[in-house]
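Participant: I'd like to go over a predicted model; first the sequence, then the structure.
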Amino acid sequence: MIGAKFLGNMDSRTFYLGNVNCIAFRGGIPIGRTILGPRMPGDLSLLEKTLTAAQRDMATVTKKGASLAAAPYGSREHRTVTHVDDRGTVTELFDTRWNWHPDPVCFAYTYTIRQGRAKGWGLHKQHEDRYFLLDGRMEIVCYDVRPDSPTCGQISKIVLSPENPRIFSIPTFVWHVNINIGSGDLRVINFPTQPYDHTNPDKYRLPLDTDLIPYRLDPSIGW
Ligand SMILES: Cc1cn([C@H]2C[C@H](O)[C@@H](COP(=O)(O)OP(=O)(O)O[C@H]3O[C@@H](C)C(=O)[C@@H](O)[C@H]3O)O2)c(=O)[nH]c1=O
């Protein structure tokens, strides 16, 4: 080690600073090599170098814990609570008294998505989806194409998970894809704002790899 000198013990490690390189020791055993060298005038310290390159976090939640991530304009949510006792749990799914959405419950169904699979891109012209995740984890990617919407042209990503029980609505004319990001099948209950029209479904589709939506998805994971 050229020009090494003993810097003293730090955190039970022993550093030797060399003109060419520094080998860190722990208890006299070499544990790593780093190039430190003597600090020249104008040299930035490691602290200055790393902090100069670092990016500071932006605000992401309000003081009450609500996400600041932009969801499609007009989407709504109501967070609920999972009550736990020694027998199991209770989680309320929908209550018109919450006043979270102007439309009452008129129809409901549940759907599943297998692990690693996705459903979408889908869009509805006449009804909103109102999802409540029952099992698993789901990422909803939305693409707003409403010309008058403040979030027109925006991609939004919303994650539904058991840790954050809530009902979440997707406005009409917003393309969305539901992706299973969990480690098993997911299950969602949907309370759409209109009953399903079996003869003329209010459902429009684009392939997962469409160029019309600025979000890349592997088309093999679903439709
Ligand atoms: C939605 C729905 C489908 N079906 C039938 C139609 C079809 O044969 C079969 C599967 O329907 P779908 O392919 O529309 O199911 P799916 O693709 O799972 O539809 C869901 O996809 C996600 C992305 C959404 O956005 C939801 O609103 C819903 O459209 O189930 C009903 O009988 N009732 C219903 O309410």
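Facilitator: The structure has been received and is ready for your questions.
Participant: which residues touch A118?
Facilitator: Counting by C-beta atoms under 8 Å, 6 or more residues apart in numbering, A118 touches V177, N178, I179, N180, L208, L217, I221, G222. Glycine gets a C-beta too; all of them are placed from N, C-alpha and C.
Participant: For this structure, which residues are neighbours of the ligand?
Facilitator: Within the chain, the positions near the ligand by C-beta under 6 Å from any ligand atom are Y109, Y111, K119, G120, G122, D129, H176, N178, N190, Y196, H198, K203.
Participant: Name the member of those with the shortest distance to R137.
Facilitator: N178 (11.0 Å; C-beta to C-beta).
Participant: what sits up against stretch 55-71?
Facilitator: Under C-beta under 8 Å, 6+ apart, the answer for stretch 55-71 is E77, C142, T151, Q154, S156, K157, I158, F168.
Participant: So which of these wins on neighbours?
Facilitator: C142 (26 neighbours; other C-beta atoms under 10 Å).
Participant: Show me how far the helix or strand hosting that residue is from its chain's centre.
Facilitator: Using DSSP states H and E, the element containing C142 is strand 138-144. Strand 138-144 sits 10 Å away from the centroid of its parent chain (C-alpha atoms, centre = their mean, to the nearest Å).
Participant: what do you get for stretch 120-128?
Facilitator: On C-alpha atoms, centre = their mean, the centre of stretch 120-128 falls 22 Å from that of its chain.
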